[in-house]
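K.L.:
Mind looking at a prediction? Sequence and model below.
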Amino acid sequence: MTLVGSLNIVLYFVLLVLLTKPMGIFLHRVFEGEATFLTPVVRPIEKFIYKLTGVREDEDMPWSVYTIAMLIFSLVTILMTYAILRWQGMPFMPLNPMHFGSPSAPSWGTPMTPDLAFNTAISFSTNTNWQAYSGESTMSYFSQMVGLASHNFFSAATGIAVAVAFVRGLSRKSASGVGNFWVDLTRATAYVLLPISLIMALVFVQQGMPQNFHAYKTVQTIEGTSQIIPGGPVASQEAIKMLGTNGGGIFNANSAHPFENPTPLTNFIEMLSIFSIGAGLVYMFGIAVGNVKQGWAIFAAMSGLFLLGAIVCYAQEAHGIPNINGVAIGGNMEGKEARFGIAASTLFATITTDASCGAVNSMHDSFTPLGGLVPMANILTGEVIFGGVGAGLYGMLMYAILAVFIAGLMVGRTPEYLGKKVESFEVKMAMLATLILVADVLGFTAVACVAHVPHPATYWNTVSGTPPSVNALASANTNNSGPHGFSEILYTFDSATGNNGSAFAGISVNTPFWNLLIGLAMLIGRFLMIVPLLAIAGSMAHKKRVPVSAGTFPTDTPLFAGLLVGVVIIVGALSYFPAVALGPVVEHFLMMGGKTF
């Protein structure tokens with residue numbers, strides 16, 4: 001670790017802290033319907049949208065109606081995107097200069113099969129942005145903008161809306177509703193995502209990102225060979241890709257590609273934008289409940305987990321691969337862009353997996369075992385460390401309910417959070433959401449391993465009598481053997497369930513089996529977590545506040561922040577440690593013994 005690399009982490013965190021309060025105040029005003037500096041421009045458009053769609057702005061929805069509206073909206077956008085992707089090669093579809101999806105497509109183009117369209121439509125509607133394809137060889141510009149980039153706004157706005165509804169459930173007194181989904185969705189898009197994305201896109205264009213509709217160019221290289229140079233509306237999609245914690249890139253190399261991330265400044269802006277709304281929502285929560293210390297306690301817990309991950313990941317990659325075959329290799333640069341180096345790469349990897357972003361500027365598959373464990377573990381927490389826009393806050397508040405329940409058991413009284421009793425229904429719903437995520441990750445990982453094992457006799461060693469190895473389990477689709485091959489599978493469903501979208505990238509996943517299985521994992525990870533949490537919001541909104549007493553456990557102190565960190569780590573460790581032990585932990589000890597995969 002170098003001084004410059006360490007200062008990079010410090011500078012990032014300081015700027016994030018400075019940005020949190022103004023962003024939180026702005027978000028609170030937006031969702032309370034108060035005037036902001038954007039109101040003169042955006043308010044007339046907002047009112048026109050309500051009039052056009054028949055939305056009654058003052059309607060307060062019960063949690064069940066709010067949930068149904070969210071599910072219907074998500075279903076419609078999934079079907080819309082599926083149709084766009086399947087029809088992209090039709091003559092009537094515009095902005096397809098490379099003719100992808102048509103008989104005139106280049107020989108190196110990837111066909112948009114039904115299973116790939118299914119996987120991609122679900123991926124972008126769930127804010128996962130998992131990509132089983134290379135964007136530059138698969139998607140038309142129309143598909144990129146209307147089919148995918150529109151979801152970058154819709155899915156991000158949906159996550160923000162759910163978080164705002166959850167906060168209302170905790171802050172309101174004896175209320176029957178948690179807000180209006182259509183109003184929250186509109187305000188998140190019109191006041192927050194669109195304006196900031198517009199400014200970011202202009203900065204990115206100035207820094208050298210392409211923004212065009214040109215067909216790809218074929219040029220002669222200095223070696224005398226030809227090379228295809230892709231183009232497209234990169235800057236506009238890169239902005240919402242990062243701000244909305246989406247992560248899906250136009251190019252296969254994602255933010256390691258010089259067109260998506262041309263300079264150190266764009267790299268830093270991209271990282272800062274990933275956390276900006278998530279951190280602001282935490283401060284907004286403090287304002288909404290009438291005690292900003294509550295928000296700062298949540299912020300402190302998130303910050304502690306973030307800094308722990310960033311330091312561990314940087315330290316492991318800076319240390320490199322020790323003494324393999326008698327050669328000490330310091331500093332692991334495999335899979336990293338020389339333009340960014342180890343510090344900026346590991347910081348980016350930590351941030352993008354703390355949030356449900358999934359954008360990458362280095363290949364996580366090439367990290368050292370414990371360095372790669374950090375992004376894996378970040379997602380396994382449920383991505384509550386600032387998290388995706390909205391998702392991080394409502395995920396951490398779920399852990400806060402579990403934390404006060406545990407604290408209540410310790411002191412022998414009914415747990416309370418924000419002056420409201422946490423009873424059996426809330427704890428059951430929080431545990432249901434937690435267990436759904438665990439079952440999704442581990443269950444699909446097991447299915448993927450077992451489904452790719454041929455008849456046992458194929459891999460049984462007749463000489464030694466040993467059973468099939470992990471390599472046999474993963475041989476059909478993974479590019480690596482042993483525990484690293486298992487880690488690739490585990491990370492795949494970790495990423496899909498956590499709606500992250502990054503990958504160890506060692507699996508050939510564009511097959512019907514993988515596309516369908518990952519698609520189901522993404523649906524479960526997104527919606528079967530949101531529904532129980534909205535049920536908690538509705539239940540808490542009905543409750544009256546109880547007076548503070550001598551036995552009330554304060555939830556705005558460093559002690560509670562520490563307890564919250566402990567609950568997140570313990571729940572993750574108890575749930576996933578056996579699986580993690582079979583992957584990166586075993587791989588680390590084997591690496592120390594001189595064996596790599």
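P.N.:
Thanks, I have the structure now.
K.L.:
Only C-alpha atoms from now on, for both contacts and neighbour counts.
P.N.:
Fine.
K.L.:
Quick check: pLDDT value at residue 475.
P.N.:
Looking at residue 475, its pLDDT reads 42.
K.L.:
Can you tell me the closest non-neighbouring residue to residue 420?
P.N.:
residue 545 (5.0 Å; CA to CA, 6 or more residues apart in numbering).
K.L.:
which stretch of helix or strand covers the one you found?
P.N.:
Assigned by DSSP states H and E, residue 545 belongs to no helix or strand.
K.L.:
thought it was touching residue 171?
P.N.:
No - checked against CA atoms under 8 Å, the pair residue 545 and residue 171 is beyond contact range at 9.6 Å.
K.L.:
Leaving out the residues flanking it, which one is nearest to residue 204?
P.N.:
Residue 204 sits nearest to residue 235 (CA to CA, 6+ apart), 5.8 Å away.
K.L.:
Quick check: that neighbour touching residue 205?
P.N.:
Yes - look at residue 235 against residue 205 with CA under 8 Å: they come within range, at 6.0 Å.
K.L.:
hey, what's in contact with both of those two?
P.N.:
Counting by CA atoms under 8 Å, 6 or more residues apart in numbering, the shared contacts of residue 235 and residue 205 are residue 211.
K.L.:
The two - which one has more neighbours?
P.N.:
Counted by other CA atoms under 10 Å, residue 235 and residue 205 do not tie: residue 235 has more neighbours, with 28 against 15.
K.L.:
SS state for that one?
P.N.:
helix (DSSP: H, G, I helix; E, B strand; the rest coil).
K.L.:
And for the one 3 residues further on?
P.N.:
Taken by three-state DSSP, the conformation at residue 238 corresponds to helix.
K.L.:
can you count the residues close to it?
P.N.:
For residue 238, using other CA under 10 Å, the count is 29.
K.L.:
Got the confidence number for it?
P.N.:
Among the per-residue scores, residue 238 shows a pLDDT of 96.
K.L.:
and it, how far is that from residue 209?
P.N.:
Plainly put, residue 238 is 9 Å away from residue 209 if you go by CA to CA, to the nearest Å.
K.L.:
which residues do those two both contact?
P.N.:
residue 260.
K.L.:
before we move on, the earlier item: with neighbour numbers in mind, choose between residue 545 and residue 171.
P.N.:
Taking neighbours as other CA under 10 Å, residue 545 and residue 171 compare with residue 171 leading, 24 against 17.
K.L.:
Please name the nearest non-neighbouring residue to residue 582.
P.N.:
The shortest distance from residue 582 to any non-neighbouring residue, by CA to CA, 6+ apart, is to residue 483 (6.2 Å).
K.L.:
gap between the helix or strand where residue 399 lies and the chain center?
P.N.:
Residue 399 belongs to helix 391-411 when assigned by DSSP H and E. Distance of helix 391-411 from the chain centroid (CA atoms, centre = their mean, to the nearest Å) equals 21 Å.
K.L.:
Show me what secondary structure element comes after it.
P.N.:
strand 416-417.
K.L.:
Within its sheet, name the partner strands of that following strand and how each one runs.
P.N.:
Strand 416-417 has these partner strands in its sheet, going by DSSP bridges: strand 420-421 (antiparallel).
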